[in-house]
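> Here is the input, now give the coordinates:
(one chain, ligands or ions: 1)
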Amino acid sequence: MATYEIRLFGDPMLRQRAHEVTEIDGRLAHLASDMVETMHAAPGAGLAATQVGVDKRLFVYDEGEGGGPRAIVNPVIAESRGEWTFEEGCLSVPGLHWTIVRPKEVHLVGYDIDGNELSIEADEYLARIFQHELDHLDGILLLERLDKQTRKEAMRTLRSRGLASRGAPGESTGL
Ligand code: ZN
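Model (predicted):
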């Protein structure tokens with residue numbers, strides 16, 4: 001087990017659409033467990049492969065409800081419903097949070113790390129994690145989900161920090 005360095009805002013890897021995973025094997029399982037360790041160390045509730053510089057459609061998450069960490073391979077949101085407002089953060093934009101409205105419920109399909117098909121109905125926090133991580137795999141950062149004015153202010157803040165400082169220890173809203 002090893003931890004990765006999390007890529008930060010400004011890294012071109014975060015703007016790329018990741019490629020589909022073509023083989024779910026031991027190497028992918030190893031990558032997923034290292035990503036879980038990286039996510040827990042951050043600490044965060046979700047981490048996409050692109051955030052650690054790996055061009056694969058894979059993310060890990062741990063909503064902290066006792067379900068334990070899980071990995072999702074080649075995730076697709078098949079359906080989304082409603083609206084939910086949440087104060088969202090990102091491990092690649094540490095220390096900053098914004099109130100973002102997104103669909104409240106999503107139906108996510110994909111594969112687990114053993115290659116079994118998955119179909120998950122997620123609501124509120126879990127649905128938010130899924131949408132945030134899927135955005136990462138499409139090269140989209142949460143800044144792009146802000147309205148124009150808020151985004152302008154966010155960019156100013158990021159620039160004034162010379163990017164961004166590390167999140168405070170104990171902060172766990174990063175995704
Ligand atoms: Zn993120």
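> contacts, neighbours, all on C-alpha from now
Fine.
> quick one: the residue of the chain found nearest the ion from D55, how far?
Proximity of the chain to the ion (CA to the ion) peaks at C90, 3.7 Å away. Distance, C90 to D55, by CA to CA, to the nearest Å: 19 Å.
> Those two - which one has more neighbours?
Using other CA atoms under 10 Å, the more surrounded residue of C90 and D55 is C90, with 26 against 19.
> Mind listing the residues bridging to the residue lying closest to M39 once chain neighbours are set aside?
Using CA to CA, 6 or more residues apart in numbering and skipping the chain neighbours, the partner closest in space to M39 is L47 (6.0 Å). Beta-bridge partners for L47, by DSSP bridges, are V60.
> contacting residues around L47?
Shown in contact with L47 (CA atoms under 8 Å, 6 or more residues apart in numbering): 35-36, 39, 59-61, 91, 133, 175.
> and L14, helix, strand or coil?
Here L14 is helix, with the state taken from DSSP: H, G, I helix; E, B strand; the rest coil.
> What separation do you get for the nearest residue to it once chain neighbours are set aside and D25?
Nearest non-adjacent residue to L14, counting by CA to CA, 6+ apart: G139, 5.4 Å away. In this view, G139 and D25 are 25 Å apart by CA to CA.
> Bridge partners for the residue lying closest to D123 once chain neighbours are set aside, pull those for me.
Among residues not flanking D123 along the chain, E105 sits closest, at 4.4 Å (CA to CA, 6+ apart). Beta-bridge pairing for E105 (DSSP bridges): R81, D123.
> what's near enough to touch E105?
Residues in contact with E105 (CA under 8 Å, 6+ apart) are 80-83, 121-124, 127.
> what do you get if the cut-off is 10 Å, keeping everything else the same?
Residues in contact with E105 (CA atoms under 10 Å, 6 or more residues apart in numbering) are 79-84, 121-128, 130-131.
> Can you give me the pLDDT of the residue nearest the centre of the chain?
Within the chain, the residue whose C-alpha comes closest to the C-alpha centroid is E133; the distance, by CA atoms, centre = their mean, is 3.0 Å. With respect to pLDDT, E133 scores 98.
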